[in-house]
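Student: how does the following fold in three dimensions:
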Amino acid sequence: MDYLEQASNVFTAVRSVNKTDVHTLLDQFGSVRDVVCSSVEEMSLCPGLGEKKVRRLWEAFRKPFSSLASKKRKRDRVMEAMKRQKEQEEEAETEEKREDCERDVAANDGGGDNNSEEEDNGDEVEKKET
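Tutor: Sure thing, here's the model as predicted:
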């Protein structure tokens, strides 16, 4: 496939652009790169290219391809979901640690009270025996 044919395949993918328009653009700008980098005003100077064709071409060169944009949006959604999941896991872990700490504190406090009660009970028993 030669250069002109490849260029035609690229440009005619844009709605209403035909092979004659491709020849006009390449004659005016010299290369596909120069056409793509041209401004709306520069493309408007080409005979046979109306405002709609120029606008469609210019937008086709500047807008992201839908599949790439779609992949980026999907990746962003997945990353956001992963971030939320990680935050939820961290919150659950923090809550679990807090509950463990509260149980430990309660167990230590309860154990201390039981010992002092036993000591009190022991004192009472000794007092009764004497």
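Student: check which helix or strand covers A81.
Tutor: According to DSSP states H and E, A81 maps onto helix 66-129.
Student: pick out the residue closest to the middle of this protein.
Tutor: Geometric centre of the chain, nearest residue: D76, 1.5 Å, by Cα atoms, centre = their mean.
Student: relative to R56, how far out is that one?
Tutor: Distance, D76 to R56, by Cβ to Cβ, to the nearest Å: 28 Å. Yep, even glycine has a C-beta here, placed from its N, CA and C like the rest.
Student: count of neighbours near K74?
Tutor: Applying other Cβ atoms under 10 Å, we find 10 residues neighbouring K74.
Student: wait, I meant A7
Tutor: A7 is flanked by 18 other residues according to other Cβ under 10 Å.
Student: confidence score at it?
Tutor: Note on A7: pLDDT of 89.
Student: share the number of residues neighbouring the nearest residue to it once chain neighbours are set aside, please.
Tutor: Nearest residue to A7, sequence neighbours excluded (Cβ to Cβ, 6 or more residues apart in numbering): V32, at 5.2 Å. Using other Cβ under 10 Å, the number of residues around V32 comes to 16.
Student: next: the one 4 residues further on.
Tutor: Around V36 there are 16 other residues, counting by other Cβ under 10 Å.
Student: before we move on, which element is it in?
Tutor: With DSSP H and E as the criterion, the answer for V36 is helix 32-37.
Student: off-centre distance for that helix?
Tutor: Relative to the mean C-alpha coordinate of its chain, helix 32-37 is positioned 31 Å out (Cα atoms, centre = their mean, to the nearest Å).
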